[in-house]
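1. what follows is a predicted structure for the sequence shown.
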Amino acid sequence: AHQWRGVIREYADRLPVTEATRVITLGEGGTPLVHAQQLSALTGSEVYLKVEGMNPTGSFKDRGMTMAMTAAVQAGAKAVVCASTGNTSASAAAYATTAGLTCAVLVPEGKIAMGKLSQAIAHGATLLQVDGNFDDCLEIARKLAEAYPVFLVNSVNPARIEGQKTAAFEIVDALGDAPDVHVLPVGNAGNISAYWKGYKEYAGESSYGEGAEARTLPAVSTKLPVMWGFQAEGAAPFVAGHPITHPETIATAIRIGNPASWETAVAARDESGGLIDAVSDEQILAAHRWLSAKEAVFVEPGSAASVAGLLKMHAAGKVPAGQRIVCTVTGHGLKDPQWALRTESGEQVEPVKVANDVVSVAGVLGLEP
Ligand code: F0G
């Protein structure tokens, strides 16, 4: 009776589905909202982490993919396609398998993390490495879906945004109201757009469905958060104010120069009185280490951009004390674990070797009987 049923069933009244919809789900959503003790102590605020790495395929993409794949099945599709920096491909591959559809994914050659590549292949997707970046992959995927019988499951598909907005609902449901500030990484900009949609729908009376299915639901929250988005410095088109032709960052998840959800992300930033700023790869890796070592939350580098941004704002004296702040950490650390095995100065960490006896182990640990 207490089993979480996935975001579509949990939030069916606020999503474009009906009783008759065949729901494609792996039980996504319902992720932990973890109180970040050290970030709270540092900032003098109440900081939480929305740990999206706890989704079935290890990233927030599953929230959108349950909706996109449900829509694909409803449309009678036999095959789906997406472009990806890795997580979308892992999610699409898994959900296509559940739905019984074939799946093709286009990824930038050499620029996706091993964990994500493994997932796409394990779930039986046809994985094509394109000699180009994510933006090139997305252009091909869009053209493919326009001209050929294949269903596009990138976030340019509005079903994806509908699914992803449920993360905002969960946060309000957990906290009892919207936070003061919401911080998240920005890449293709679907997620910041989705959160803002979710927060707005929860803050006012909202109407859903059509005809006999039409319904109006009351407001759940009393306010809206300020949205803070952070890009990687070498892939920061919103900061530049125009697309970036050759985006570069170690955070391959957000190595994107021409975000598809440009207008909606700018609207989220401006309507909320927020900002979209950039953090360096060094700041991203420092936040990655902070999360692992101080908050016990293991994320992939791209995910750490939110916390890197919060730390940057704090260092600049721009985090007002006493606020309620939620940072989304978007993907699991096991997706791209190599970064944990590097010291701050970039050296490889070598595990300590020890002889096969208790005295040697005690000696290495500095223990006395
Ligand atoms: N964090 C992670 C771990 C991601 O994988 C992505 C996007 C983002 C943040 C940025 O989210 O695009 O909605 O602004 N990954 C996409 C992919 C592009 O293909 O997996 P966004």
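-> Perfect, I can see it now.
2. tell me the domain ranges of the chain?
-> Here the domain assignment for the chain is 7-59+160-341, 61-157, based on automatic domain parsing.
3. adding mean pLDDT, write those out as a markdown table.
-> Output for the domains of the chain, formatted as a markdown table (pLDDT from 0 to 100):
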| stretch | mean pLDDT |
| --- | --- |
| domain 7-59+160-341 | 98 |
| domain 61-157 | 98 |
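4. so which of those is nearest E350?
-> Ranking the domains of the chain by their distance to E350 (criterion: Cβ to Cβ) puts domain 7-59+160-341 first, at 8.8 Å. To be clear about C-beta, it is placed using only N, CA and C from the backbone, and glycine gets the same treatment.
5. now do the contacts for the closest residue to T70 other than its chain neighbours.
-> In this structure, T70 finds its nearest non-sequential neighbour in I24, 4.7 Å apart by Cβ to Cβ, 6 or more residues apart in numbering. When the contact criterion is Cβ atoms under 8 Å, 6 or more residues apart in numbering, the partners of I24 are T66, M69, T70, V73, Y95, T98, A99.
6. so which helix or strand takes in I24?
-> Of the helices and strands defined by DSSP states H and E, none includes I24.
7. over to it: give its phi and psi.
-> Note on I24: its backbone torsions stand at phi -100, psi 110 [degrees, to the nearest 10].
8. just the strands in the stretch 1-150 of the chain please.
-> When assigned using DSSP state E, counting those that start in this stretch, the strands of the stretch 1-150 of the chain occupy the ranges 33-35, 46-51, 79-83, 102-108, 126-130.
9. F230 should be in a strand, yeah?
-> Yes. Membership of F230 in a strand is supported by DSSP: H, G, I helix; E, B strand; the rest coil.
10. quick check: residues of this protein near the ligand?
-> Where proximity means Cβ under 6 Å from any ligand atom, the interface of the chain facing the ligand comprises 59, 61, 84-88, 155, 185-191, 253-254, 300, 302-303, 330-331.
11. re the thing from before, dump the strands of the stretch 1-150 of the chain to TSV, plus mean neighbour count.
-> Output for these, formatted as TSV (neighbours: other Cβ atoms under 10 Å):
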stretch	mean neighbour count
strand 33-35	15
strand 46-51	24
strand 79-83	27
strand 102-108	24
strand 126-130	16
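12. which of the contacts of I24 fall within helices?
-> Restricting the contacts of I24 to those inside helices, with DSSP state H as the criterion, leaves T66, M69, T70, V73, Y95, T98, A99.
13. what is the nearest of those residues to P16?
-> Here the nearest of the ones in helices among the contacts of I24 to P16, counting by Cβ to Cβ, is T70; it sits at 9.6 Å.
14. neighbours of the closest one, how many?
-> T70: 24 surrounding residues under other Cβ atoms under 10 Å.
15. can you give me the helices for the chain?
-> Taking DSSP H, the helices of the chain run over residues 7-10, 37-43, 61-74, 87-99, 114-122, 134-147, 158-164, 166-175, 190-203, 237-240, 262-271, 281-294, 305-315, 358-365.
16. in JSON lines: the ones you listed, plus distance to T249.
-> Formatted as JSON lines, the entries for the helices of the chain read as follows, by distance: least, Cβ to Cβ, whole Å:
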{"stretch": "helix 7-10", "distance to T249": "29"}
{"stretch": "helix 37-43", "distance to T249": "22"}
{"stretch": "helix 61-74", "distance to T249": "19"}
{"stretch": "helix 87-99", "distance to T249": "15"}
{"stretch": "helix 114-122", "distance to T249": "16"}
{"stretch": "helix 134-147", "distance to T249": "11"}
{"stretch": "helix 158-164", "distance to T249": "22"}
{"stretch": "helix 166-175", "distance to T249": "23"}
{"stretch": "helix 190-203", "distance to T249": "17"}
{"stretch": "helix 237-240", "distance to T249": "12"}
{"stretch": "helix 262-271", "distance to T249": "18"}
{"stretch": "helix 281-294", "distance to T249": "6"}
{"stretch": "helix 305-315", "distance to T249": "9"}
{"stretch": "helix 358-365", "distance to T249": "38"}
